[in-house]
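Undergrad: Build me a model from this:
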Amino acid sequence: MPKLPNPAVGTHFLEAFKTMVGRIEESVSASGNKKLELPVLMYVAGGVASHFYTAARRTDDVDATFSHRMLLPENLEISYRDTDGKARLLYFDRQYNDAFGLLHEDAYKDSMLLKLGGIDPKVVEVRLLSPVDLAVSQLARFAEHDQEDIKALAAEGLLNSKDLKKRAEEALKHYMGNPGPIKASITLACKMIGRSQLRQ
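TA: I've put the predicted structure just below:
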């Protein structure tokens, strides 16, 4: 079970993320919609989830989906200073859509709780895609930074090629379209993980 967040995650980044989630929490609390059951589950993917697991690649956009239909507040751009003093901006990616990547049907059920001080989990519960589902979700695009995230997860001992292959092939059964490119990405990712584990 990985320690969340990774102890090496910078406090400035963590505080910026908590500020963003806090604004979402305030919006949910102020909505007054008694017909909908709380908490709202916020499922985080992409580089932010990878960073919380590995403290490796830093990203500025938050990819997330929710258990409820959401009217998000406007002020989800958080300015902060990195540990080296560099000005950075963390923002919620409103264009993110999990329908166009590869995602296992149990990915949200198997997601992992991220506890954040100052955030009431009875209002907004933040969850990260599990390491294997996070890796699976990066296979469709499989850009250089996706590959780096997969390598980092493997280097932390959070991912192995057998589990990735099995989970990705299970996910593929529920998708329409040409599976060829995804299958090629699965093969490449498994080879990358194998090389990464040999170097450990």
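Undergrad: For the residue most central in space within the chain, what are phi and psi?
TA: When CA atoms, centre = their mean is applied to the chain, the residue found nearest the centroid is residue 45 (1.9 Å). Phi and psi for residue 45, reported as degrees, to the nearest 10, are phi -130, psi -160.
Undergrad: what pairs with it across the strands?
TA: According to DSSP bridges, the partner residues bridging residue 45 are residue 63.
Undergrad: OK, contacts around it?
TA: 63-65, 96, 98, 128-129, 134, 137 (CB atoms under 8 Å, 6 or more residues apart in numbering). All C-beta spots, glycine's among them, are computed from the backbone N, C-alpha and C.
Undergrad: and it, how far is that from residue 56?
TA: Distance, residue 45 to residue 56, by CB to CB, to the nearest Å: 16 Å.
Undergrad: How many residues are close by residue 91?
TA: 14 (other CB atoms under 10 Å).
Undergrad: Among the contacts of residue 45, which one sits closest to residue 159?
TA: Ranked by distance to residue 159 (CB to CB), those are led by residue 134 at 8.5 Å.
Undergrad: tell me the SS of the closest one?
TA: helix (DSSP: H, G, I helix; E, B strand; the rest coil).
Undergrad: Correct me if wrong: it contacts residue 53.
TA: Yes. Between residue 134 and residue 53 there is a contact under CB atoms under 8 Å: 7.5 Å.
Undergrad: pLDDT at residue 33, what is it?
TA: On pLDDT, residue 33 comes in at 76.
Undergrad: Need phi/psi at residue 127.
TA: phi -130, psi 140.
Undergrad: so what's the closest residue to residue 64 other than its chain neighbours up against?
TA: Excluding the flanking residues, the one nearest residue 64 by CB to CB, 6 or more residues apart in numbering is residue 44, at 4.8 Å. Residues near residue 44 by CB under 8 Å, 6+ apart: 52, 62-64, 114, 126-129.
Undergrad: PyMOL command for the buried members of these?
TA: Burial among the contacts of residue 44 is assessed by 16 or more other CB atoms under 10 Å; the matching PyMOL selection reads:
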select buried, resi 52+62+63+64+114+126+127+128+129
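Undergrad: Mind listing what's buried along the lowest-mean-pLDDT helix or strand in the chain?
TA: The helix or strand of the chain with the poorest confidence is helix 180-199; it has a mean of 88 (mean pLDDT, DSSP states H and E). Buried positions in helix 180-199, judged by neighbour count with 16+ other CB under 10 Å: 182, 185-186, 189-190, 192-193, 196.
Undergrad: which one of those residues is nearest residue 8?
TA: residue 196 (18.2 Å).
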